[in-house]
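> No letters, just coordinates:
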């Protein structure tokens, strides 16, 4: 009878291989959600709009195109709506929330002498007695000097 050897592959032996791609995935999700990095998805619009400008003026260079659209504000011209579709022209008002957890090392507190707590009885106010004059003054309206 032939013996079949079964390799001993643990259930999670692929995790060291996937550690870097998983880290890149989580970092990408974090950056796209909390920064303006999602604007980079609009880069094809830059080149499409540049081609539109070249159809109007053959002599325009890409640097001139960038100068017109990014260095001189956002003038309202005939293609203003198309200009606002370019990346980094409008803010997406993304919210960034930074949470950090500081974990202190374990500390042991030792007391040199025993500490005794003294139990005090509750102090109850007798509503039949008038309050002191100092306390009653805080409820008076301010006086004009």
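Arrived safely, thanks for sending. This is a predicted model, so every value here is computed, not measured. Residues are numbered from 1 along each chain as shown.
> pLDDT at the closest residue in space to residue 77 that isn't next to it in sequence, what is it?
Nearest residue to residue 77, sequence neighbours excluded (Cβ to Cβ, 6 or more residues apart in numbering): residue 83, at 7.6 Å. To be clear about C-beta, it is placed using only N, CA and C from the backbone, and glycine gets the same treatment. As predicted, residue 83 sits at a pLDDT of 86.
> And residue 83, how close does it get to residue 49?
8 Å (Cβ to Cβ, to the nearest Å).
> Give me the common contacts of the two.
Both residue 83 and residue 49 are contacted by residue 69, under the criterion Cβ atoms under 8 Å, 6 or more residues apart in numbering.
> State the distance from the residue nearest to residue 90 when sequence neighbours are not counted to residue 27.
Nearest residue to residue 90 in three dimensions, chain neighbours excluded: residue 84, at 5.8 Å (Cβ to Cβ, 6+ apart). Distance from residue 84 to residue 27, counting by Cβ to Cβ: 29 Å.
> now residue 40
Distance of residue 40 to residue 27, computed by Cβ to Cβ: 14 Å.
> Look up the closest residue to residue 40, ignoring the ones flanking it.
residue 87 (6.6 Å).
> OK, contacts around the one you found?
With Cβ under 8 Å, 6+ apart, residue 87 has these contacts: 39-43, 45-46.
> chain center to the helix or strand encompassing residue 19, what's the gap?
Element membership for residue 19 (DSSP states H and E) is helix 15-34. Centroid separation between helix 15-34 and its chain, computed with Cα atoms, centre = their mean, to the nearest Å, is 17 Å.
> Check which element follows that helix along the chain.
Taking DSSP H and E, what comes next after helix 15-34 is helix 43-56.
> Give me the neighbour count for the residue nearest to residue 90.
The number of residues packed near residue 84 is 10, by other Cβ atoms under 10 Å.
> Repeat that for residue 86.
A total of 20 residues lie near residue 86 under the criterion other Cβ under 10 Å.
> One more: residue 65?
Counted with other Cβ under 10 Å, residue 65 comes out at 19.
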